[in-house]
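In: Here is my input, please return the structure:
(one chain, ligands or ions: 2)
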Amino acid sequence: MSQPVALKVEPLTAAAFAPFGDVIEAADSARHFPINGGNTERFHDLMTLATDPDGHAIVSIFRGQPRTLPLTLTMLERHPKGSQAFMPLSGRSYLVAVARPGEGVSVADVCVFLARGDQGVNYAPGTWHHPLLALHATSDFLVIDRAGPGGNCDEVTLEPVGIIPA
Ligand SMILES: NC(=O)N[C@@H](O)C(=O)O
Ligand code: NI
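Out: Residues are numbered from 1 along each chain as shown. Ligands and ions are numbered 1, 2, ... in the order given. I've put the predicted structure just below:
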């Protein structure tokens, strides 16, 4: 069997992730201002939460088991009816594998990022992504996504792609 194509892992930045959605982080570049008499800093409006008119946003916690490395990806999924955000609660880094929205995805379209434990991601509607890729230990994530009528999860099979840790 031929070796899977290997993809390099890049550090997650808002600029690099812009074609796929938002990075959720308390960055100096974010709009932020003091509230509560100066006791608290508000990092304001960090992502675009989207659902179709028939759906509504829900908040869940995903408890992900760590993926074993080396990792080979063979599929991606997308949620055309709404965005999907993951914010780590366990403070651990994790992997994010994505491709731009559109029909037909090939390995050449896939980007893999290493997210820090204080960075969340919000997939824009239709962004192709691999289901949660927790690392190192069982990790909890706050998840904000769409619930409602009709299917909202398309899958696509990929030619096996290996991930080279940074
Ligand atoms: N199935 C589910 O709710 N989770 C996936 O959408 C995922 O991106 O992890
Ligand atoms: Ni998903």
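In: can you list the residues of the protein near ligand 1?
Out: With C-beta under 6 Å from any ligand atom as the criterion, the chain meets ligand 1 at residues 77, 84, 129, 131-132. The C-beta positions use only the backbone N, C-alpha and C, and glycine is treated the same way.
In: Where does this structure get nearest to ligand 1, residue-wise?
Out: Residue of the chain nearest ligand 1, by C-beta to the nearest ligand atom: P131 (3.6 Å).
In: Nearest spatial neighbour of that residue, chain-adjacent residues omitted?
Out: Excluding its sequence neighbours, the residue lying closest to P131 (C-beta to C-beta, 6 or more residues apart in numbering) is E77, at 6.4 Å.
In: how deep is the residue of the chain closest to ligand 1 tucked in, by neighbour count?
Out: Using other C-beta atoms under 10 Å, P131 has 14 neighbouring residues.
In: Check it and give its pLDDT.
Out: P131 is assigned a pLDDT of 98 by the prediction.
In: helix, strand or coil for A16?
Out: Here A16 is recorded as helix under DSSP: H, G, I helix; E, B strand; the rest coil.
In: Just confirm it contacts V96, I think it does.
Out: No: using C-beta atoms under 8 Å, A16 is not in contact with V96, being 10.5 Å away.
In: Looking at these two, which one has more neighbours?
Out: Using other C-beta under 10 Å as the criterion, A16 and V96 rank with V96 on top: 25 against 13.
In: Scan the helices and strands of this protein for the one with the lowest mean pLDDT.
Out: Between all helices and strands in the chain, the lowest mean by mean pLDDT, DSSP states H and E belongs to strand 5-11, at a mean of 91.
In: Output the contacting helices and strands for that one.
Out: strand 111-115, strand 154-164 (3 or more C-beta pairs under 8 Å, 6 or more residues apart in numbering; DSSP states H and E).
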